[in-house]
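[1] below: sequence and its predicted model.
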Amino acid sequence: MVSLRFPWLWMILGWLLVAGVCVGSLLPGTSLPSFHVQDKVLHAGSYFLLMIWFAGLYERKRHIFIAAVLALLGLGLDALQSGVSTRSFDLLDVAANTGGILVGWIVSVSLLEGWCQRVERSLFA
């Protein structure tokens with residue numbers, strides 16, 4: 001993990017994001033708030049956010065591991081959807097998740113590396 005003043009806070013917020021993605025993936029679609037965004041964009045955006053978040057907490061050498069874990073999370077959640085009566089497994093959802101992870105990885109490395117540290121410095125300088 002990168003050097004942060006409040007690493008526990010960043011991790012709690014990150015795991016809340018993961019929990020939100022898990023809940024949103026497994027609850028019946030009618031139980032969720034309606035987002036006026038195409039389904040695949042929502043998938044890609046969710047995993048993009050997770051990749052950006054966790055890449056900000058860890059050194060660049062850990063980013064491939066983070067990307068792999070997030071891809072497995074997306075695949076696993078989609079597989080679990082086949083056991084929910086109102087959901088189904090969709091390879092296009094898995095592809096959208098993976099696309100969001102890849103774009104998040106590129107943005108993390110090229111533009112946002114160290115963003116958590118910069119936020120802490122600006123808030124608690």
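    The structure has been received and is ready for your questions.

[2] with only the CA atoms kept, save stretch 118-125 in PDB.
    Extracted C-alpha coordinates of stretch 118-125, given in PDB (Å, rounded to 0.1, in the frame of the first residue of the first chain):
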ATOM      1  CA  ARG A 118      -2.600  14.100  -3.400                       C
ATOM      2  CA  VAL A 119      -6.100  14.200  -2.000                       C
ATOM      3  CA  GLU A 120      -4.700  13.700   1.500                       C
ATOM      4  CA  ARG A 121      -2.100  16.400   1.100                       C
ATOM      5  CA  SER A 122      -4.600  18.900  -0.100                       C
ATOM      6  CA  LEU A 123      -7.100  18.100   2.600                       C
ATOM      7  CA  PHE A 124      -4.800  17.700   5.500                       C
ATOM      8  CA  ALA A 125      -1.700  19.800   4.700                       C
END
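
[3] rounded mean pLDDT for that stretch, please.
    Here stretch 118-125 scores 92 as its mean pLDDT.

[4] list the contacts for residue 115?
    By C-beta atoms under 8 Å, 6 or more residues apart in numbering, the contact set of residue 115 is 52, 56. No exception for glycine: its C-beta is placed from N, CA and C like everyone else's.

[5] the helix or strand harbouring residue 47 packs against which elements?
    Take DSSP states H and E as the rule and residue 47 turns out to sit in helix 39-57. Packing partners of helix 39-57 (3 or more C-beta pairs under 8 Å, 6 or more residues apart in numbering; DSSP states H and E): helix 7-26, helix 63-81, helix 91-110, helix 115-123.

[6] which non-adjacent residue is nearest the residue nearest the centre of the chain?
    The chain has residue 50 as the residue nearest its centroid, 2.0 Å off, counting by C-alpha atoms, centre = their mean. If the residues on either side of it in the chain are set aside, residue 50 comes closest to residue 70, at 5.5 Å by C-beta to C-beta, 6 or more residues apart in numbering.

[7] any idea how far the one you found is from residue 120?
    23 Å (C-beta to C-beta, to the nearest Å).
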